[in-house]
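Trainee: Generate a structure from the sequence data that follows.
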Amino acid sequence: MTHAQLRGSKRASRPLPLPGATLANLPEILRALLASDNDARGVAEATLRQLSRDPHVVPSLLAIARSDADANARQMAAVILKRRVIAHWQRLGESTRDAVKQSLLEGVVREPMHLVKRAIADVLGKVAKATFATGSWSELPEFLAQCTQSPEESHRDVAYVVFASLTESIVSQARASFIISHRSSSPRRLTYSLIIAHRVRINTRSRPLSTD
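Mentor: Next up is the predicted model:
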């Protein structure tokens, strides 16, 4: 797919999706979105909207965010994925969801560019929030604990980004547990959980992210 093809698919009134485009064309579509050619960009946006109806756009975008040679394309893929991942999450198979979660954990550690790492961390936060209530991401707590203790500031930043996305869920669940269990023998422990969640919220709101 070339920019000429993308321009050729534009009609006078409104850009139309590129005929025959598939998820395999996502790398070219992302590059067209980054281009200065307004016609090509309009067609790319229309094509992306059409392809985004497929839940498998999630692993496809993540693959680009993890492996494309162009850092701008990786960042763009992660930014778009952040907007799409929750809408498709439950439509993905369990094995695909597991693969996405594992790839996100690896991506935020191995990505060398700060802006791309932050964009992937934002996606990780979205998925973490979606899976928090069910506890279906058993590897996440240990991963975040390791990040907070890492000598690498970028790894600690990842933990703060994810904690920031989870604080409301943590507080809401802790409060619900306290109400349900207020007659139990251990309300003090539940109250302590509320205090910890509150401190995490304060820390994540007050601590600036590095811009290296």
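Trainee: Could you measure from the nearest residue to residue 70 once chain neighbours are set aside over to residue 167?
Mentor: Spatial nearest neighbour of residue 70, excluding adjacent residues (Cβ to Cβ, 6 or more residues apart in numbering): residue 31 at 7.3 Å. Where you see a C-beta, it was placed from the backbone N, CA and C, and this is true even at glycine. Separation of residue 31 from residue 167 (Cβ to Cβ, to the nearest Å): 36 Å.
Trainee: Name the residues that touch the strand or helix carrying residue 100?
Mentor: In the assignment (DSSP states H and E), residue 100 maps to helix 94-110. For helix 94-110, contacts defined as Cβ atoms under 8 Å, 6 or more residues apart in numbering pick out 56, 58-59, 62-63, 65-66, 85, 89, 92, 117, 120-121, 123-124, 127, 131, 137, 139-140, 143, 155, 158.
Trainee: Weed out the non-buried ones from those residues.
Mentor: 58-59, 62-63, 65-66, 85, 89, 92, 117, 120-121, 123-124, 127, 131, 137, 140, 143, 155, 158 (16 or more other Cβ atoms under 10 Å).
Trainee: and stretch 112-127, how far from the chain's centre?
Mentor: Here stretch 112-127 is found 6 Å from its chain centre; the criterion is Cα atoms, centre = their mean, to the nearest Å.
Trainee: now do stretch 44-56
Mentor: That offset, for stretch 44-56, works out to 17 Å (Cα atoms, centre = their mean).
Trainee: quick one: average pLDDT of that stretch?
Mentor: Across stretch 44-56, the average pLDDT comes to 96.
Trainee: Over to stretch 119-131?
Mentor: 93.
Trainee: Closest to the centroid, which residue in this structure?
Mentor: By Cα atoms, centre = their mean, the chain has its centre lying nearest to residue 123, at 0.9 Å.
Trainee: and the residue nearest to residue 70, how far is that from residue 115?
Mentor: 17 Å.
Trainee: between those two, which one's more packed in?
Mentor: residue 31 (19 against 15; other Cβ atoms under 10 Å).
Trainee: so the more buried one is in which element?
Mentor: Assessed by DSSP H and E, residue 31 sits inside helix 26-33.
Trainee: Which elements pack onto that helix?
Mentor: Helices and strands touching helix 26-33, by 3 or more Cβ pairs under 8 Å, 6 or more residues apart in numbering; DSSP states H and E, are helix 38-51, helix 57-67, helix 71-89.
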